[in-house]
Every structure is written in structure tokens, then in C-alpha cells.
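A.B. asks: Prediction below, plus the sequence it came from.
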Amino acid sequence: MTTTTGPGPLATRRLILQGAASVALIGLGNLPFAAPANAAANDKYPEEAFKQKSEADAIKALYGKTAEPSDKVKLDAPEIAENGGVVPISVTTTLDKVTSISFFVAENPSALAASYKIPDGTVPSVANRLKMAKTTNVTAIVEADGKLYSATKEVKVTVGGCGG
């Protein structure tokens, strides 16, 4: 006849670890790092701007004003894109108080390709891979201190790298 007096050492260890993990997860619920995610989730999606066909209409719907070209906005895009499905593009700027960065592709069915809100204190640099239907201008617009600044570059989209 065998008698037991309680859970074995492995079962006790599991219970202690489960309890410690539960206490740690409950404690994380009180930390402030969840607040920025909630704030970003409450930003209004620029649905009307994404519906616009022309670049000028999309810029007006998104910002309500026009942008001026600036050498402080650096747009990096390939001169020739061998695959229009994944065109790498990035923008950086030395401007202060940047609040948003947006990409526009003039000849795409929807001119606004991407728009980013830049939180205060963040380095104003964004990179993306855009889908482009054909050779066209790509424009990056940076909103800084209430004004709009832009940079534009023509990207040639080729089929198999044969020019076009």
C-alpha cells in the first residue's frame, strides 16, 4: 500500500511558475506603454484621400493645401524598377516638427499609396515597397510645422528590366 501526502515536486514547481507568470502579466496591464497604441488606433483613417484618382485631388483631400518642393526632403527610389509589384522607396528629412509623411504615385488607380503619422520625438524616416502600374512620378510629401514640403522622382517600371 502506497500513501501520498500532496502534489509531487514537479507539480508544485508548475503551480509556482504559473502563479508567478499570472502575477507578472496582471502587473503589465498597469504600465503606460499601451496608451500610445490606443491613441494611434483612434487616428482617423483618410478614406477620402485614398479614393482620389489624381495626385492633386489626393493631396487636397489629405492635407487641404499644396506642397512646395524642398531640398530638405530626400526621396530615395530606383530610376528603373524591374518589378512594378515591389518598388522600394524611402524618404528622410532634416525638417523639424514633422507630423506626417505620405507617398503619392501619379499614374496608379489611387494616387495616395501610403500615409504615416509621425509621433513627436520620432526620427522622420519612412521606407516602403510600393506597387506601381507603369512608369510615373513618385512624390513624397512631408508635413512639418504646419507646412507641406515635397520631393518628386520619376521611376521607370520595366518588364524584366528591358526598359519602358
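C.D. replies: Arrived safely, thanks for sending. Numbers count the residues shown, from 1 in each chain.
A.B. asks: hey, which helix or strand in this protein has the poorest pLDDT?
C.D. replies: Ranked by mean pLDDT, DSSP states H and E, the weakest helix or strand in the chain is helix 34-41, scoring a mean of 48.
A.B. asks: If you count contacts, what does the following helix or strand past that one end up packed against?
C.D. replies: Downstream of helix 34-41, the first helix or strand assigned by DSSP states H and E is helix 47-51. Contact here means 3 or more CB pairs under 8 Å, 6 or more residues apart in numbering; DSSP states H and E; on that basis helix 47-51 packs against helix 55-63, strand 112-117. To be clear about C-beta, it is placed using only N, CA and C from the backbone, and glycine gets the same treatment.
A.B. asks: pLDDT weak spots in the protein?
C.D. replies: Residues of the chain meeting the criterion pLDDT under 70: 1-11, 15, 17, 19-43, 160-164.
A.B. asks: Next, please give the residue ranges for the strands of it.
C.D. replies: 68-69, 73-76, 80-81, 87-93, 98-105, 112-117, 125-130, 136-144, 147-157 (DSSP state E).
A.B. asks: can the ones you listed go into a markdown table with extra columns for mean neighbour count and distance to residue 55?
C.D. replies: Shown next, in a markdown table, are the strands of the chain (neighbours: other CB atoms under 10 Å; distance: least, CB to CB, whole Å):
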| stretch | mean neighbour count | distance to residue 55 |
| --- | --- | --- |
| strand 68-69 | 10 | 14 |
| strand 73-76 | 18 | 14 |
| strand 80-81 | 17 | 18 |
| strand 87-93 | 19 | 15 |
| strand 98-105 | 23 | 5 |
| strand 112-117 | 18 | 8 |
| strand 125-130 | 15 | 14 |
| strand 136-144 | 23 | 6 |
| strand 147-157 | 17 | 10 |
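A.B. asks: Let's have the ones you listed in TSV, adding distance to residue 16.
C.D. replies: Below are the strands of the chain laid out as TSV (distance: least, CB to CB, whole Å):
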stretch	distance to residue 16
strand 68-69	64
strand 73-76	53
strand 80-81	57
strand 87-93	49
strand 98-105	49
strand 112-117	44
strand 125-130	46
strand 136-144	53
strand 147-157	58
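A.B. asks: For residue 46, find the nearest of these.
C.D. replies: Distance to residue 46, taken as CB to CB, is lowest for strand 112-117 among these, at 6.0 Å.
A.B. asks: any idea of the angle the closest one forms with strand 125-130?
C.D. replies: Strand 112-117 runs at 150 degrees relative to strand 125-130, counting by axes from the mean of the first three to the mean of the last three CA atoms, to 10 degrees.
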